[in-house]
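Asks: Below is the sequence, then the predicted model.
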Amino acid sequence: MKRIFALLLAVVMLAGLVPTMAQEAPAGVFLGTWPYVLKPDHNLNSFSPNGPTANLGVVYWQLVEMPAAFYKWAADEYVGLLAESWGFVDGGYELTLKEATWSDGSPVTADDVVATYGIGRILGWSQFNTVASVEKVADRTVRFVWSGEPSLLAERLILKENIRPAATYGALAEEALALAADGKTRDDQEWKDLNAKINDFRPDALLASGPYTYTLDDVGDSYMSLFWQPNSLYSGTVNFGEIRLWAGETEVTTPLVLNGDIAWSTNVYPPATQQAFQDAGIRLLIQPRGYGPSLLFNHDVAPWNIKEVRQVAALVIDRSENAFLTNGFGATGTQYMAGILDAQVPNMLTQDVIDQLNPYTFNPEAAADIMTQLGYTRNDAGKWVDAEGNTIKSEYKFPGDFADFSAAAQNATDQLNEFGFDITPRAVPWQQARDDIFAGNFELSVWSWGAGSPFAFSHLRNPVIRFNYAGLGEGQPGMNFPMEFEWRGEQINLTDLINNVNVGLDVAAQQERAGKIALILNDLMPFIPLNIILSTEPWNEAELAGAPADDDPILQNPSSDSFVILYLLEGQIAPAGG
């Protein structure tokens, strides 16, 4: 009996020394879509324009290189993902990470956060408008030291930033930190050279803190796959061993949704297609997108460099019509024209400022009066001409594979031409349209405005910083809208005003600063915010279980904080019938 007991004890002790059986990947396949870049342009550098940031989009990227937290809009609260704790401290903001690991088994540490922000400083991240330095406090704790006042906006940017591995980017981060320590700025050549070096870096592998990762071999022409990896905090809770992302936009993905190859899509579908989905028994989820299409002007191109001509363009586009043709009843014409999404205007601006905003109500007659005052006349063909008889000709470049932007641009073209401009629409692939905006290689174009953010800064910077020289890299003029000018007798630095709009914790002071910027944008009209889009997303319940009810507060979250991120990680979304 003693021998049997001793033998059993030995077996138990030995079992404690033997590793547990390797965890197996879940069997489910999540069927999604995203318009990723094909090889050879596709790369694994998430600081590169053609890296995971663009190729996975805001939802799927967070399942690979995770941020610190997820934000619930209705509750106004953060849920920790990589973060164990976070909060304001004297002179700064501290973030402590959970005990997490990368896909190679190495720990996620404060060094990864410091490296991430070392490179982010070189790239001009908005966090550094209020953050002076990022310091390691302990193995899993970092402190963000304020350069001035504390900032609730900075808190959001810190908690939402995807953390990258120092094992991959450490050498570049060391160069970045050295330049900052030497007092170099974005105007110095060394800074510009390192910026280019960061963009050109091509890592061989993608280390993941989330439960999914991929290699370039997993990127196909029709779809790419993210595969489960066992070392994430969330590897044991997700229910899918593969996330399959079909390439393409609306035209390509419509039949794939109908035949069940795509179970969830964030593409924009016209009303007839939405009805076809419902007729096929596919549920439609509705939530904010947090953006809309805008008409972008190249301010180097006459006559769009004239404020009054831009105001005329705003007056002759019926934005309600434009919205309906953009996304049916899933879009609304912009009301306030303040550079802030309409739903957020009452929260971010005072009523006094709102009352001063020009709504640019559709009024071709008033627009014609302005053109006449500027010295333009209509020729026999009804086209506006200058004193030399030259018509106002321009090319309107738009991404032909984005159904929403394409429809908004073509309708805006039709309405501008009906008034008497001579605009030629030109469809190009979305990557080219984006890159041409960056390079200033356009006359008129379309891209997003607004933001899925509760802070005015994120709204007001898009697109006048995001797609302008103020926020782009060397040699990229973008819209080339001048950010320093005189306005109503005051010298304005619009970049500084936007960067500092949400500094501090005083909400009233932030409203006052936002109001000034809104009035400037409303007057100068550097872009036309055409409409605001709701996201009407097909969700195939024959394939996927776990979507929230239509009245669930989580659907107040815009696309940037999509419920799918949290629900996938926590295991609430699962294969139907599983």
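Replies: Great, that's in hand.

Asks: in the stretch 301-450 of the chain, which spans are helices?
Replies: Assigned by DSSP state H, counting those that start in this stretch, the stretch 301-450 of the chain shows helices spanning 307-315, 319-327, 345-348, 351-356, 364-373, 403-419, 430-439.

Asks: Nearest to A181 among those helices would be which one?
Replies: When these are compared by Cβ to Cβ, helix 430-439 sits nearest A181, at 30.0 Å. (Glycine included, C-beta is placed from N, CA and C.)

Asks: what's the next secondary structure element after the lowest-mean-pLDDT helix or strand in the chain?
Replies: Among the helical and strand segments of the chain, the one scoring lowest on mean pLDDT, DSSP states H and E is helix 2-17, with a mean of 34. Next helix or strand after helix 2-17 toward the C-terminus (DSSP states H and E): strand 28-33.

Asks: so the helix or strand just after that following strand versus strand 28-33, what angle?
Replies: The helix or strand immediately downstream of strand 28-33 is helix 52-61, counting by DSSP H and E. Relative orientation of helix 52-61 with respect to strand 28-33: 130 degrees, computed using axes from the mean of the first three to the mean of the last three Cα atoms, to 10 degrees.

Asks: and helix 52-61, what does it pack onto?
Replies: strand 223-228, strand 240-246 (3 or more Cβ pairs under 8 Å, 6 or more residues apart in numbering; DSSP states H and E).

Asks: Same list, these, but as a markdown table with mean neighbour count and mean pLDDT please.
Replies: Output for the helices and strands packed on helix 52-61, formatted as a markdown table (neighbours: other Cβ atoms under 10 Å; pLDDT from 0 to 100):
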| stretch | mean neighbour count | mean pLDDT |
| --- | --- | --- |
| strand 223-228 | 21 | 98 |
| strand 240-246 | 22 | 98 |
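
Asks: Would you convert the ones you listed into CSV that also reports distance to G339?
Replies: Listed next are those as CSV, based on distance: least, Cβ to Cβ, whole Å:
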stretch, distance to G339
strand 223-228, 35
strand 240-246, 32
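
Asks: To P255, which of those lies closest?
Replies: Closest among the helices and strands packed on helix 52-61, using Cβ to Cβ: strand 240-246, at 10.6 Å.

Asks: Tell me how far that closest one lies from the chain's centre.
Replies: Relative to its parent chain, strand 240-246 has a centroid offset of 22 Å by Cα atoms, centre = their mean, to the nearest Å.

Asks: Okay, now the sheet partners of it, with direction.
Replies: According to DSSP bridges, strand 240-246 forms sheet pairs with strand 28-33 (parallel), strand 223-228 (antiparallel).

Asks: for the first one, which positions count as buried?
Replies: It stands for strand 28-33. Burial within strand 28-33, assessed by neighbour count using 16 or more other Cβ atoms under 10 Å, is assigned to 28, 30-33.

Asks: Show me the one of the helices of the stretch 301-450 of the chain that comes nearest S106.
Replies: Nearest to S106, of all the helices of the stretch 301-450 of the chain, is helix 430-439, at 33.8 Å by Cβ to Cβ.

Asks: what angle do that closest one and helix 403-419 make?
Replies: 60 degrees.

Asks: Would you mind listing the buried residues in helix 430-439?
Replies: For helix 430-439, the neighbour count (16+ other Cβ under 10 Å) marks 430-431, 433-434, 436-438 as buried.

Asks: so can I have a markdown table of the residues you listed showing distance to A276 and pLDDT?
Replies: Shown next, in a markdown table, are the buried residues of helix 430-439 (distance: Cβ to Cβ, whole Å; pLDDT from 0 to 100):
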| residue | distance to A276 | pLDDT |
| --- | --- | --- |
| W430 | 24 | 91 |
| Q431 | 28 | 90 |
| A433 | 28 | 96 |
| R434 | 29 | 95 |
| D436 | 33 | 97 |
| I437 | 33 | 98 |
| F438 | 36 | 96 |
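
Asks: can I get those residues in TSV with distance to V464?
Replies: Listed next are the buried residues of helix 430-439 as TSV, based on distance: Cβ to Cβ, whole Å:
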residue	distance to V464
W430	21
Q431	22
A433	18
R434	17
D436	18
I437	13
F438	14
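
Asks: picking up where we left off before, out of the helices of the stretch 301-450 of the chain, which gets nearest to E135?
Replies: Nearest to E135, of the helices of the stretch 301-450 of the chain and by Cβ to Cβ, is helix 345-348 at 31.9 Å.

Asks: What lies in contact with the closest one?
Replies: 335-336, 338, 340, 354, 454, 456, 459, 510-511, 514 (Cβ atoms under 8 Å, 6 or more residues apart in numbering).

Asks: Extract the CA atoms of it and return them as CSV.
Replies: Extracted in CSV, the C-alpha atoms of helix 345-348 (Å, rounded to 0.1, in the frame of the first residue of the first chain):
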residue,chain,number,x,y,z
VAL,A,345,-21.7,69.9,-32.2
PRO,A,346,-24.0,70.5,-29.1
ASN,A,347,-21.5,68.8,-26.9
MET,A,348,-18.4,70.6,-28.2
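
Asks: coming back round to it: buried ones among the contacts of helix 345-348?
Replies: Of the contacts of helix 345-348, these count as buried by 16+ other Cβ under 10 Å: 335-336, 338, 340, 454, 456, 459, 510-511, 514.

Asks: so which pair among those residues is furthest apart in space?
Replies: The largest separation in these, counting by Cβ to Cβ, is between Q335 and Q510 at 21.7 Å.

Asks: hang on, the earlier thing: quick one: which of the contacts of helix 345-348 is nearest N557?
Replies: Nearest member of these to N557, counting by Cβ to Cβ, is P454, at 10.9 Å.

Asks: circling back to that earlier point, out of the helices and strands packed on helix 52-61, nearest to K184?
Replies: Going by Cβ to Cβ, the one of the helices and strands packed on helix 52-61 nearest K184 is strand 223-228, 37.4 Å.

Asks: Show me where this protein dips below the pLDDT cut-off.
Replies: 1-22, 578 (pLDDT under 70).

Asks: mind giving me the domain split of it?
Replies: Split into domains by automatic domain parsing, the chain comes to 65-200, 212-264+540-575, 292-533.
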